[in-house]
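Asker: Test case, fold it:
(chains A and B)
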Amino acid sequence: MSTSPANNAALEDRSAAPFEALNAGSRAGLVQRLLNSKAIWPVFLLILCLPTLLALGSVLASLFNLDTETLAHLLEHLLPAALGNTLLLVFGTATCSAVVGVALAWLTAVCDFPLRRFFSWALLLPMAIPGYVMAFAFVGLFEFSGPVQSTLRSWFGSSSWFPDVYSFGGVTIVMSLVLYPYVYLIARNAFQTQGRRSIEAGQSLGLSPVKSFFRVSLPMARPWIVAGVLLVVMETLADFGTVATFNYDTLTTLIYKSWFSLFSLPAALQVASVLLLAVVVIMVIERRSRAAQRYSQSQHVSLASSRFVLSGKRRWLAVLFCTLVFLFAFVMPSLRLLSWAMPNLVSDLNSHFFGYIWSTLSLATFATALIAVLALLLAYGARINQSLPTKFAVRISTLGYALPGTVLAIGLFAPISMINHWLQDAGIPSSWLQGTFLIMLMAYGVRFMAVAYSPIENNYLRITPSIDDAAHSLGLTGLQVLKRVHLPIVRRGILTAMVLVFVDVMKELPITLMTRPFGFNTLAVRVFELSSEGLWQRAALPALAIMLVGLIPVMLLIRKTDQND
Amino acid sequence: MTNPIWLKVTDATVEFGSSHVLSGVSFELEKGEIGCLLGSSGCGKTTLLRSIAGFEKLNSGEVAINQQVLTGQGKHVPAEQRNVGMVFQDYALFPHLSVLKNVMFGLRENGQSKQKALGLIERVGLAGKENHMPHQLSGGEQQRVALARALAPEPVLLLLDEPFSNLDVSLRERLGHEVREILKETNTTALMVTHDQMEAFAIADKVGVMNGGQIEQWANAYDIYHCPNSLFVAGFVGQGSLIEGKLLDCGTVETVLGVFKQEENNCCAASVGCDVGKKVKVLLRPDDIIHDDDSPLQGVVRKKSFRGADFMYSLALPNGELITCMVPSHHDHPVDEPIGIRMEVDHVVVFDN
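Answerer: Numbering: from 1, shown residues only, chains lettered A, B, ... in the order given. Next up, the predicted model:
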C-alpha cells in the first residue's frame, strides 16, 4: 500500500486529535456531567412538572373542601344547565366538524376538480381566526340589529323567522367553522397515504367506488379521524371566549362566574374538577385510539396513484361545497372585521392601540423565550438521560395542553394565594407572588410546553444514536457535536416551537383574562372586553391584528403540507 | 384441441399528452395460461396491466376476456364489474380487517363463504392465522393473504403487479413456484408484471418482453432465451456476447470460433436467412461454450466471477473479441491464463450489423 506525504500528515493530525479532544472534552464533559448529575437534573425536572402537579392537585383537593352553600346554589341552578350545554356543544361541534372535515379532506386529497389546489390550502386559513373573534364577527353579522336581518326586514318587512344567532345552533356552527381544520388536516393526511389504492382494491373485489369509500377508505382512516375529532372535543371543552360571546353557559363560563361573580374560589375549583373529569375521559380515549393508529399505518407507501377526476354534477357540487365553507369560515368574518375597522382606521391607530400591541408583544416574546429554552433543555436531556423519572417528567410537563385555560388559572391561583397567606403570616415579603406575572407565566408554561416540545423532539428523533457515534468516531467532542450536528438539525424545530408558542400566547384568552396583573391588557383581553359589551366596531382592529399574527403559523403549515402534496 | 383464447388484447394504445405509454400492444392468453410482461420501469407494463383491470382507459385498442369486449368499441366496463382480480405490489390489505375478513371481502356474507375462505387460507399455507391482523404478518405472509383474497371470488382473470418485488430474494423463488402451483390447480388464467426475469421464467407459460410501450417478443421462456428476435431482447434476457460472423449458406454462419449450422426444427429457424456473404453479429450464450481442456480452440481468461455452482468466465479471443463462458465451478483457472473451449451452438441467432 502506498502512502503519500499528504496522507502521512493527515494521519499524524488524526493521531493528535484524541489528546486535543480530551482537553476540549472536559468542557463539554461539564455540560454532560451537569445533565447527568444526580442532583441538578432531577431538580430541573421537578421544577418543570411542579406547576402542572400544583394545578391538578389543587383542583382535586377542592373536592375535599366543599363550599356547601355556593355549591348548593350551583348544583340547583347553574351546574346542570352548564353541564348539559357543554355536552350538547361538544357533541354538535364534533359531529359537524367531522362531517365537514372528512368530506373536504377526501375531496382535496383524492379527487380532482376545478380550484382544488387553491382550496387545499385555503381551507386551512380559518385556523388563523381565534374562536372569540369569529364569534363576535358572526354575532355582529347575524344578530337582530345586524346588517343581514336589517336588510331582510327592509325587503320583507319582518325578520322574526330568521333563527336567533344567540342559540345552540349559532354557537355550534361557529365552533365547527373554527375547529373543522383540525379534522381536515389530519384526515387529509390519512387519505393521502392511502390514495386511490384503497378504492381500487375494493373495486377489484367488486365494490363500486362509492361503496369502497364507506367500506374501505373510511374505516382505514378511522384512527386519524378519531384523533382529529378528539382534538376538536378538547378544544371545545376548553373554549371560553367563543361561548362567552354567545352568552352560552358552559362549564368554563361557570368557573369564571363562580370566581368573579360569586367570589367563591372553592366552588370554582369544584366546577373545574367536573371539567377536568371530562378531559381525562377524552384523554384516555385518545390514548387508545393512538394505539390503533399504529397498526393502521400501511407498511408500504402507496405508489403515486392518480386522482379521481370528478365530472358533471359532482364536480360543481364539490366546488360549491368548498366555496361555501371557505366563504363562511374565512371570507365573511374577515370582510366583516375589515368593514368595521376601515372607517376609523387612522384615528384608531393611536397610542392606546400601540400600547396594547407593545404589552402583547413583550409578553409573548418573554414567554416564548422562556418556554423554548426550557423545552430545548428538556428535549436534549431526555435524549441523553433515558431514565424512568425523566420519561415520567416529560409526560407530565407535556400534559398541560389538554387542560383548559380556566382550569389552569384557577388551579394555580389557589395554591399560590395560599402560599402568599402563609408567607404573610410568617412575616416574609411575598408581593412577588400575587399581582405579578408569576401565575400567568406558570400557566403558560403548563399549557404551551407541549407545543414547544413537540417540534423540537421531532427534530431530535432524526438524530439517531448512530449519528452521534459517527460524529464521535470522526473526532468531534460533545460540545462540537452539539454545535455542528445537533443545532443545525434542531434549529428548524426550535424556530417552529418559538413561532407556535408566540402565536398561541398572543391568541390566548382565559388564562390571560383570569391571571393578569391589574391594569395589564393584551390584544386578546381587549377584544374580549369590547365584544362582551357589544362594541363590535372597536373590537375589530385589535381582532384583525391578532388574525394577522395568527396567519404566520398557518402559512408555515401550508408550506409544509404543500411539500408533501 | 388447444384451449380457447381467453384474454385478447388488440392494439392497445395509451397516450399521456404527447408521450406514448403504450403503442399498439397485442397478445393473447389461453384459458389456464400464465402470462408475464417483462420489462424495466417506464416500459408501460404496469399501465397495460391497469388497463386490463379497468383502472385506466385506452386511447384506442381493445381488451376482451372470453370474447366479451371489456374495453374498446366505444365502451369501458368499470373495474368493479369485470370480476378481474388483482394482487397489488404493496398488497393493499385492509389493515382494519383480520386475515379471514380480508379474504372474504369479495364474497357474499354466508357460511359457505367462510368455508371457502378458510380453505384458501389453508391452501396458501396460513392455516391457523385467520384471526391475525395484517400488521402481525411478515411480508411473504401478507402477499399470500393478498393472493387468497384475489382468488376467493373466482375471478375470470388474475392480475399480479410485481408481486414479489417487496420480498427477500430467497423467498421470491419459493413463493413464485407456490403461486404457479396454486394457479394451475385452480385453472386460473393469470397475467403478471415484473422486471425480474428469474420470476418471469419460473412462473409464466408465456413471456412478453416490453420496451418503450411495445411488446418486442411474446413467446415461452425457452424460446425467448434461446431465440430472441431482437437485440433488445437478447440483451435484456440472460447473458451473452456478440461476435462477428459471415453468412456462408442458408442457415450457416462462419465465425472465428468455427462454422455453426442451424437445425431444421429449431425455434430460431427464421433467424439466419439466406443472404450469402452478409456480415452479421452472432449471439453466443454462456452455455453455448463448453470448457474442454483437450480442445485446440483457446480463450484467455480476462475476468472471472464465482457464482457457487459455476464460474462465469470472460474470455478474450485471439482477435480481441470477448465472450462469456459458463464453467462448472470445479474448474478454477487463474486470470490471464488460456483455457480450452469447444462450441455447442444448438441455437444459431444472428442479427444485422
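Asker: residue contacts, A:Thr253?
Answerer: A:Ala82, A:Phe240, A:Val243, A:Ala244 (Cβ atoms under 8 Å, 6 or more residues apart in numbering or on different chains). (Each C-beta comes from the backbone N, C-alpha and C, glycine too.)
Asker: pLDDT below threshold where in the chain?
Answerer: Just going to use chain A. Residue ranges of chain A with pLDDT under 70: A:1-38, A:66-67, A:70, A:292-305, A:433-434, A:478, A:562-565.
Asker: Oops, wrong one, chain B.
Answerer: Short version for chain B, where the test is pLDDT under 70: B:1-2, B:265-266, B:269-272.
Asker: number of nearby residues for whichever residue of the stretch 101-250 of chain B sits closest to chain A?
Answerer: Of all residues in the stretch 101-250 of chain B, B:Gly106 sits closest to chain A, at 3.3 Å by Cβ to the nearest Cβ. The number of residues packed near B:Gly106 is 24, by other Cβ atoms under 10 Å in any protein chain shown.
Asker: host element of it?
Answerer: Remark: B:Gly106 resides in no helix or strand, with elements defined by DSSP states H and E.
Asker: from memory A:Leu551 sits against A:Ala128, does it?
Answerer: Yes. At 4.4 Å, A:Leu551 and A:Ala128 qualify as touching, with contact defined as Cβ atoms under 8 Å.
Asker: quick one: the helices in the stretch 1-150 of chain B?
Answerer: Using DSSP state H, counting those that start in this stretch, the helices of the stretch 1-150 of chain B run over residues B:45-53, B:99-104, B:111-123, B:139-151.
Asker: So which elements touch the third one?
Answerer: This points to helix B:111-123. In terms of contacts (3 or more Cβ pairs under 8 Å, 6 or more residues apart in numbering or on different chains; DSSP states H and E), helix B:111-123 is packed against helix B:99-104, helix B:139-151.
Asker: For the shortest one, give me every contacting residue.
Answerer: Contacting residues not belonging to helix B:99-104 are listed as B:93-94, B:113-114, B:117-118, B:120-121, B:126, B:129-134, B:137, B:145, B:148-149, B:152 [Cβ under 8 Å, 6+ apart].
Asker: returning to what we had before: want to try TSV for the helices and strands packed on helix B:111-123, with distance to A:Arg196 as columns?
Answerer: Formatted as TSV, the helices and strands packed on helix B:111-123 follow (distance: least, Cβ to Cβ, whole Å):
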stretch	distance to A:Arg196
helix B:99-104	19
helix B:139-151	17
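Asker: want to try TSV for those helices, with mean neighbour count and distance to A:Phe162 as columns?
Answerer: Formatted as TSV, those follow (neighbours: other Cβ atoms under 10 Å in any protein chain shown; distance: least, Cβ to Cβ, whole Å):
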stretch	mean neighbour count	distance to A:Phe162
helix B:99-104	24	50
helix B:139-151	24	55
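Asker: which one of these lies closest to A:Leu48?
Answerer: helix B:139-151 (43.0 Å; Cβ to Cβ).
Asker: Please tell me how far the closest one is from the chain's geometric centre.
Answerer: Counting by Cα atoms, centre = their mean, to the nearest Å, helix B:139-151 is centred 21 Å from the centre of its parent chain.
Asker: got it, and stretch B:323-332?
Answerer: With Cα atoms, centre = their mean, you get 26 Å for stretch B:323-332.
Asker: how about that stretch: buried residues?
Answerer: B:Ile323, B:Thr324, B:Cys325, B:Met326, B:Val327 (16 or more other Cβ atoms under 10 Å in any protein chain shown).
Asker: got it, and stretch B:341-353?
Answerer: Within stretch B:341-353, judged by 16+ other Cβ under 10 Å, the buried ones are B:Ile341, B:Met343, B:Val345, B:His347, B:Val348, B:Val349, B:Val350, B:Phe351.
Asker: Beta-bridge partners for the second one, please?
Answerer: This means B:Met343. Taking DSSP bridges as the rule, B:Met343 bridges to B:Ile289.
Asker: Can you tell me how far it is from A:Arg314?
Answerer: Per Cβ to Cβ, to the nearest Å, B:Met343 is found 68 Å from A:Arg314.
Asker: got it, and B:Gly340?
Answerer: B:Gly340 sits at a distance of 75 Å from A:Arg314 (criterion: Cβ to Cβ).
Asker: need the contact list for A:His73.
Answerer: A:Leu262.
Asker: what about it, is that helix, strand or coil?
Answerer: helix (DSSP: H, G, I helix; E, B strand; the rest coil).
Asker: Give me the distance between it and chain B.
Answerer: 49 Å (Cβ to the nearest Cβ, to the nearest Å).
Asker: Spatially, which residue comes closest to B:Thr186, not counting chain neighbours?
Answerer: Nearest residue to B:Thr186, sequence neighbours excluded (Cβ to Cβ, 6 or more residues apart in numbering or on different chains): B:Leu151, at 6.6 Å.
Asker: Could you report the neighbour count for B:Gly35?
Answerer: Using other Cβ under 10 Å, B:Gly35 has 23 other residues around it.
Asker: thinking again about what came up before, make JSON lines from the helices of the stretch 1-150 of chain B and add distance to A:Leu262 to it.
Answerer: Compiled in JSON lines, these are given as follows (distance: least, Cβ to Cβ, whole Å):
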{"stretch": "helix B:45-53", "distance to A:Leu262": "69"}
{"stretch": "helix B:99-104", "distance to A:Leu262": "56"}
{"stretch": "helix B:111-123", "distance to A:Leu262": "63"}
{"stretch": "helix B:139-151", "distance to A:Leu262": "62"}
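Asker: and the stretch 51-200 of chain A, which of its residues are near chain B?
Answerer: A:Arg197, A:Ser198, A:Glu200 (Cβ under 8 Å from any Cβ of the partner chain).
Asker: I'd assumed the second one was in a strand, is it?
Answerer: No. Counting by three-state DSSP, A:Ser198 is located in no strand; its state is helix.
Asker: what's near enough to touch it?
Answerer: So A:Ser198 contacts A:Ser212, A:Val216, A:Ser217, A:Met220, B:Ala92, B:Phe94 (Cβ under 8 Å, 6+ apart).
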